[in-house]
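Q: I need the structure of the sequence given here:
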Amino acid sequence: MIELKTAAEITAMRAAGSVVAAGLAAVRERAAVGVGLKELDAVAAEVLATMGARSSFLNYHPRFAPTPYPAVLCTSVNDAVVHGVPNDYRLLDGDVLSIDFGAEVDGWHGDAAITFLVGEQDPEDVALIEATERALKAAIEVCRPGYTLGDIGHAIGPIARDAGYGILADHGGHGVGHAMHELPHVPNEGEPGKGMKLHPGLVIAIEPMFTLGGQDTYWTGHDGWTLLTEDGSRAAHFEHTIAITEGDPIVLTAP
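A: I've put the predicted structure just below:
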């Protein structure tokens, strides 16, 4: 069942979104050549503690995963697209780093992700990251009553395909509310006007995931969580939690 939120509930969800924005900003500021992924996870954990929030990710255990998730961040490096578990890896010059972070405040969740380069700026990586972020912004623009989930997918998909990028198969955005993952599924490709219509009160996470090599396929790492491009190419991931209103969309996880 899809739950529509009241205006008061959307306002309440801003608290969780603010924690997510603060955590992503703190992690991005700390990330540098030589910094370990577990150090970044500790930075995010400190933001949660300071702001009186709980992690949406820690101990999350969906049916597909062999174990509960062991961290508060997802740290996906280079060919890891999403769900990268923080480990002993230390960042290298030129790494592509995607950070996904979720927080819960008073029973409401927020979820967002960013991708950026550590150190050296390779033009191909820059273009991939910029295209993925541009796709998220394009999708947010159609988050208005009367548009559809197909319109969201159609805002995202051509940006990837026209540039020769792949789109991670079988994955997309989702509803957000009292649970981090709710209905509906939000596709990263679609046909204009097709699918469920968007109504005021719907809160969704939109998350384009593009791959540099142009393939959509992936494999699951030995930790049972990390999804990696099958061709070994680099990937980018952006995400925001969005509330549909009678007017403009509200980006609940905006800085």
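
Q: In the protein, where is pLDDT below threshold?
A: For the chain, no stretch is flagged by pLDDT under 70.

Q: which residues are in contact with the lengthiest helix in it?
A: Assignment by DSSP state H gives helix 7-30 as the longest helix of the chain. For helix 7-30, contacts defined as CB atoms under 8 Å, 6 or more residues apart in numbering pick out 5, 39-40, 43-44, 46-48, 51, 53, 73, 99, 101-106, 108-114, 116, 176-177, 201, 203, 241, 243, 245, 250-255. For every residue, glycine as well, the C-beta is placed using N, CA and C.

Q: Now find how far off-centre it is within its chain.
A: 13 Å (CA atoms, centre = their mean, to the nearest Å).

Q: ok, now stretch 80-97?
A: 15 Å.

Q: Can you check the distance spanned by it, start to finish?
A: 9 Å (CA to CA, to the nearest Å).

Q: Buried ones in it, by neighbour count?
A: 80-87, 91, 95-97 (16 or more other CB atoms under 10 Å).

Q: quick one on the thing from earlier: buried residues in the longest helix of the chain?
A: So helix 7-30, judged by 16+ other CB under 10 Å, has buried residues 9-10, 13-24, 26-27.

Q: And those residues, which is closest to residue 145?
A: Nearest to residue 145 among the buried residues of helix 7-30: residue 10, at 14.2 Å, using CB to CB.

Q: Wait, residue 55 touches residue 72, no?
A: Yes. Contact criterion CB atoms under 8 Å: residue 55 and residue 72 qualify, at 4.1 Å.

Q: Fine by me, thanks again.
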